[in-house]
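**Student:** Build me a model:
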Amino acid sequence: TAATGPAEPAPGDELLGPVGSVETIEPPQTVTTYIESNPGRTVEVGGDVVVGAQVPGTVTFQEIPDYQYRYARINDRPVLVDPGTRRIVYVYN
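**Tutor:** Residues are numbered from 1 along each chain as shown. Predicted coordinates for the structure are as follows:
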């Protein structure tokens, strides 16, 4: 199914943080290639898309095969997220 454009943010859909320190990661090329091949749908949320920000519970993550982090496209920026804390661990440029 084709995406029909960005989903509109619902009230309260806002990135929280950054809070505390989050370990910065450098994703392997296989993950970058997977994300480029499977772009996913953009979710629009308020706030800054930065490492350490917590993603709202309304955002669904995509699994990446054989990788501990999940992927989402927030405000048209691909990000990697720790599924346990819902914190952004990497933002693609």
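
**Student:** what about residue 26, how many neighbours?
**Tutor:** By other Cβ atoms under 10 Å, 6 other residues sit near residue 26. Just so you know, the C-beta spots here come from the backbone N, C-alpha and C atoms, and that holds for glycine as well.

**Student:** now swap in residue 65 and tell me
**Tutor:** For residue 65, the count of nearby residues is 7 (other Cβ under 10 Å).

**Student:** which residues touch it?
**Tutor:** Listed by Cβ atoms under 8 Å, 6 or more residues apart in numbering, the contact set of residue 65 reads residue 34.

**Student:** Likewise for the one 10 residues further on?
**Tutor:** Neighbour list for residue 75: 42-45, 49 [criterion: Cβ under 8 Å, 6+ apart].

**Student:** Pull out the buried residues from stretch 74-86.
**Tutor:** 74-75, 78-82, 86 (16 or more other Cβ atoms under 10 Å).
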